[in-house]
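A.B. asks: let me see the structure of the following:
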Amino acid sequence: MLKAIAIDDEAPALAVITKHASKLPFLSLEQTFTNPLKAISWLQQHPVDLVFLDIEMPEMRGTDFMRMMNRLSSTNFIFTTAYENYALEGFELQAADYLLKPILFPRFASACKRVLAQAKPPETTPGTSSLFVKDGHDWVRIDFQDILFARSEGNLLFIHQSNHRVVTRMTLQNFLSMLPPTAFVRTHKSYVVARTAVRKIERAQLVLNDGTNIPLARTYRPMVTQQLIQGNDP
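C.D. replies: Residues are numbered from 1 along each chain as shown. So this is what the prediction gives:
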């Protein structure tokens with residue numbers, strides 16, 4: 001199921017998108033907005049997979065909206081506009097599609113099905129040593145042995161590896177459920193660390209082999225100490 005919102009300063013255009021979306025069983029249109037600034041506030045608390053986005057709006061151009069949101073999440077965007085001249089800019093921003101008004105249902109459905117196909121992660125074999133996560137519009141393989149730590153911030157997860165960082169939209173709890181349980185330890189409500197990356201346990205933090213300091217919350221300290229020093233699961 002794809003969760004989506006639509007943003008357009010014209011109510012009739014939103015009505016068309018709402019009607020089309022109701023015909024697709026895999027698409028849930030959560031909200032519609034005539035003001036993109038209100039949509040920004042809503043998205044901070046309610047992440048979605050897809051945004052239908054007009055371009056010419058009084059408060060903010062849709063292309064500027066997408067630039068700003070691309071820095072905060074990996075949401076897909078489909079532009080819905082009456083103007084052809086923004087097509088090149090839209091695709092340079094890596095929009096999933098560019099629909100010209102009036103939007104016919106077959107074209108709408110085709111664009112949504114493309115986003116759905118991209119949203120499905122590549123299949124992995126049980127017991128694998130890696131997983132795929134979505135970074136922007138790409139699926140990236142993460143090898144467990146390369147992970148140093150992961151940090152959550154809102155609806156984003158920052159996965160730090162020895163040579164680079166990946167940003168994906170996922171909760172820390174979901175990420176933990178995919179990891180080998182004996183190889184990682186949670187140190188804080190926002191942090192999980194690879195056991196082999198830890199060099200020192202201090203009163204309120206862990207020091208990693210590369211010198212990075214990781215917060216160690218008081219409530220997690222007994223469990224972390226047990227797992228790291230004794231090598232046991234809680």
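A.B. asks: give me the local confidence score for residue 194.
C.D. replies: Turning to residue 194, the model gives it a pLDDT of 94.
A.B. asks: can you give me the helices for this protein?
C.D. replies: When assigned using DSSP state H, the helices of the chain occupy the ranges 11-21, 36-43, 62-70, 87-92, 105-119, 172-178, 221-225.
A.B. asks: may I see these organised as CSV, with mean pLDDT, mean neighbour count and distance to residue 150 added?
C.D. replies: C-beta coordinates here come from the backbone N, C-alpha and C atoms, glycine included. Formatted as CSV, the entries for the helices of the chain read as follows, by pLDDT from 0 to 100; neighbours: other CB atoms under 10 Å; distance: least, CB to CB, whole Å:
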stretch, mean pLDDT, mean neighbour count, distance to residue 150
helix 11-21, 97, 17, 34
helix 36-43, 92, 16, 22
helix 62-70, 88, 17, 21
helix 87-92, 82, 14, 31
helix 105-119, 89, 16, 21
helix 172-178, 83, 14, 6
helix 221-225, 89, 15, 15
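A.B. asks: between the ones you listed, which one is nearest to residue 29?
C.D. replies: Proximity to residue 29 (CB to CB) singles out helix 11-21 among the helices of the chain, at 4.1 Å.
A.B. asks: helices and strands around the closest one, which ones?
C.D. replies: Contacts defined by 3 or more CB pairs under 8 Å, 6 or more residues apart in numbering; DSSP states H and E place helix 11-21 against strand 2-7, strand 27-33, helix 105-119.
A.B. asks: quick check: bridge partners of the residue nearest to the spatial centre of the chain?
C.D. replies: Per CA atoms, centre = their mean, the C-alpha nearest to the average position across the chain is that of residue 169, at 2.2 Å. As for beta bridges, residue 169 partners with residue 156 under DSSP bridges.
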